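> sharing a model prediction with you, sequence too.
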Amino acid sequence: MLGVPDRRFPPVEVPDWWPYAAEFTHWHVYRGTDQLYHARLALTDVTARGEDPVDLRDMIIRAIGKLRDSP
């Protein structure tokens, strides 16, 4: 039946990071055991971490800037 929730599966919570995910499609983001948000650029060793999604977004932007400035 359409529109009826399936009680076998709990509702999926949207991660806090999702509003920013479209900006950084090549970054893998996860929440570590230290409760910080961590991100890694795919196929590289470039990483960033932040206390919340907004902080992580800022750190990713900073990491991208460093990549562009490096020789």
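Sure, I can see it.
> contact partners for the residue nearest the centre of the chain?
For the chain, the residue nearest the mean C-alpha position is residue 29 (3.3 Å; CA atoms, centre = their mean). Residue 29 sits next to 15, 17, 21, 37, 38, 39, 56 when contact means CB atoms under 8 Å, 6 or more residues apart in numbering. Every C-beta, even on glycine, is put in place using the N, C-alpha and C of the backbone.
> assign it to helix, strand or coil.
strand (DSSP: H, G, I helix; E, B strand; the rest coil).
> same check on residue 67?
helix.
> and it, how many neighbours?
11 (other CB atoms under 10 Å).
> repeat that for residue 19.
12.
> so which residues make contact with the helix or strand of the chain at the bottom of the mean pLDDT ranking?
One helix or strand of the chain scores below all others by mean pLDDT, DSSP states H and E: helix 18-21, with a mean of 90. Applying CB under 8 Å, 6+ apart, the contact partners of helix 18-21 are 29, 53, 56, 57.
> thank you, goodbye.
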